[in-house]
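Trainee: build the 3D model from these lines:
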Amino acid sequence: MLPGGLIAVLLVVGVTWLVVRTISTTGAVQTLAPRERQELEALRALVDDLKETAWEHRELDSPLSTIVIDKIRTYERHRRDLGG
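Mentor: Just a heads-up that it's a prediction; the model follows:
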């Protein structure tokens with residue numbers, strides 16, 4: 001049985017990978033279909049929610065919350081640097 005913190009890390013890493021993969025696959029296309037745009041917005045909202053959840057519950061596992069928030073912020077900075 002996996003500890004709760006490890007499950008949370010795996011979930012965050014998986015969702016972050018999915019968002020990055022979705023953005024990189026659709027980044028080559030200038031216009032997104034409405035469904036793709038909705039999916040991308042939903043994934044971004046999910047990542048924002050995960051970041052907020054990690055912040056709100058940081059007292060439960062402070063090192064894990066710090067890792068999760070840092071990973072998301074690094075991705076967000078990288079996306080801004082690319083003009084996304």
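Trainee: which residues of the protein score low on pLDDT?
Mentor: Applying pLDDT under 70 to the chain flags residues 1-4, 24-30, 82-84.
Trainee: how about a cut-off of 90?
Mentor: Within the chain, the segments meeting pLDDT under 90 span 1-34, 36-37, 40, 43-44, 46-69, 71-73, 75-84.
Trainee: all helices for it, in order.
Mentor: Assigned by DSSP state H, the chain shows helices spanning 4-27, 34-56, 62-81.
Trainee: burial count for the closest residue to residue 64 other than its chain neighbours?
Mentor: Leaving aside its chain neighbours, residue 64 sits nearest to residue 5 (4.8 Å; criterion: C-beta to C-beta, 6 or more residues apart in numbering). Using the backbone N, CA and C atoms, a C-beta is placed for each residue, glycine as well. Look at residue 5: counted by other C-beta atoms under 10 Å, it has 14 neighbours.
Trainee: thought residue 5 was touching residue 65?
Mentor: No: Residue 5 is beyond contact range of residue 65, at 9.6 Å (criterion: C-beta atoms under 8 Å).
Trainee: name the residues of stretch 46-62 that are buried.
Mentor: Across stretch 46-62, burial judged by 16 or more other C-beta atoms under 10 Å covers 47, 50, 51, 54, 61.
Trainee: ok, now how distant is the residue nearest to the second one when sequence neighbours are not counted from residue 38?
Mentor: The shortest distance from residue 50 to any residue that is not its chain neighbour, by C-beta to C-beta, 6+ apart, is 5.7 Å, and that residue is residue 12. From residue 12 over to residue 38 the distance is 22 Å, taken as C-beta to C-beta, to the nearest Å.
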